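Novice: pasting the sequence and the predicted model now:
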Amino acid sequence: MPRRLRSPRTRRPRRHHEPCRRTRTLRRRPLATGYGIACGRAPHHLIGVDLDIDTTGRNDSVVALQQLALHHLFTIPPTVTVITPSGGRHIWLTGPPGVSVPNSASRLAPGIDIRGSGGYLVGPGSVTTRGTYQLAPGAADLSPAPCPRALLRLLTPPARPHHPSGRPHHGRGLVQFVLAAHEGQRNTRLFWAACRAYEHGFGEALADGLTDAAVRTGLTEREARATIASAARLTSVRPMGPEDADRPDRLS
């Protein structure tokens, strides 16, 4: 007897940002315990902001993000947010085409990891030995929101050009900028000047000069060096290696 042929089915294109549908799929397939969503790819160019929970209580990533938002004048818009088994949060944002956001671990601030090009976010509904990744209340009806421009600038530090050593004129304008600070703007001016110095490759060479200028405006040496260290951490991209126990290309 001739065999009955089945009509071919047209496959629907896979979508990478449908958490509700993915969750239903996991319920129907209990063996599929988890999945990852690629960041940095078209069309959404997803960026993940991972707010870790510090069990020692020394760092609070939520407070750190709030302080960055106040300092750099941005707000996190309503967007998809996933609660991790440890109680942390993954904030989903979208980036513009043509902008590559690097992955980083605690570079922006202690306890804040970033996932961009080449990174992955654990999808909602995924089950691990520590628990389930769940959408935050009210997030099911949201789409990933655009990343604020000020935050995007922090996530994409410019490449440091090489400058020959032994050129003392570098940074004189930044030192004068700090010296001109009035009460209430001393720390802000110092932080801005230190960021520019590190971005242009002579931050270490100018650190003492910036410290002296800040002390002359009224800051203590300890306050000045703490601010400069913060600028150095913010503008440096730490290379990833096998010492990163949490796999920097993934959010856990």
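Specialist: That came through, no problem.

Novice: distance of the nearest residue to residue 146 once chain neighbours are set aside from residue 44?
Specialist: Once flanking residues are discounted, residue 146 sits nearest to residue 94: 5.4 Å by C-beta to C-beta, 6 or more residues apart in numbering. Using the backbone N, CA and C atoms, a C-beta is placed for each residue, glycine as well. Distance from residue 94 to residue 44, counting by C-beta to C-beta, to the nearest Å: 5 Å.

Novice: one step back: what pLDDT does the residue nearest to residue 146 get?
Specialist: On pLDDT, residue 94 comes in at 96.

Novice: quick one: contacts for it?
Specialist: Residue 94 is in contact with 44, 45, 46, 47, 144, 145, 146, 147, counting by C-beta atoms under 8 Å, 6 or more residues apart in numbering.

Novice: shared neighbours, residue 94 and residue 44?
Specialist: Residues touching both residue 94 and residue 44 by C-beta under 8 Å, 6+ apart: residue 144.

Novice: could you pull up phi and psi at the residue nearest to residue 146?
Specialist: Dihedral pair for residue 94: phi -110, psi 150, per degrees, to the nearest 10.

Novice: and it, bridged to which residues?
Specialist: Residue 94 has these beta-bridge partners by DSSP bridges: residue 46, residue 146.

Novice: how close does it get to residue 40?
Specialist: Distance from residue 94 to residue 40, by C-beta to C-beta: 10 Å.

Novice: between these two, which contacts overlap?
Specialist: The contact lists of residue 94 and residue 40 share 46, 47, where a contact means C-beta under 8 Å, 6+ apart.

Novice: now the strands for the chain?
Specialist: Per DSSP state E, the chain carries strands over the ranges 36-38, 46-51, 81-83, 89-94, 104-109, 112-115, 120-122, 127-128, 131-132, 134-135, 145-146.

Novice: out of those strands, flag the one nearest residue 173.
Specialist: strand 104-109 (26.6 Å; C-beta to C-beta).

Novice: what's the end-to-end length of stretch 77-88?
Specialist: End-to-end distance for stretch 77-88, by C-alpha to C-alpha, to the nearest Å: 18 Å.

Novice: verify the contact between residue 235 and residue 199 for me.
Specialist: Yes. Between residue 235 and residue 199 there is a contact at 5.3 Å, judged by C-beta atoms under 8 Å.

Novice: point out where the stretch 101-250 of the chain drops to low pLDDT.
Specialist: Counting by pLDDT under 70, the stretch 101-250 of the chain has low-confidence residues at 157-170, 236-250.

Novice: helices along that one, start to end?
Specialist: 149-155, 172-179, 186-199, 203-217, 221-235 (DSSP state H, counting those that start in this stretch).

Novice: in the shortest one, what counts as buried?
Specialist: Burial within helix 149-155, assessed by neighbour count using 16 or more other C-beta atoms under 10 Å, is assigned to 151, 152, 154, 155.

Novice: so residue 119 touches residue 40, yeah?
Specialist: Yes. With contact defined as C-beta under 8 Å, residue 119 reaches residue 40; the gap is 6.9 Å.

Novice: who has more neighbours, those two?
Specialist: Neighbours were counted for residue 119 and for residue 40 using other C-beta atoms under 10 Å; residue 119 has more, 26 against 21.
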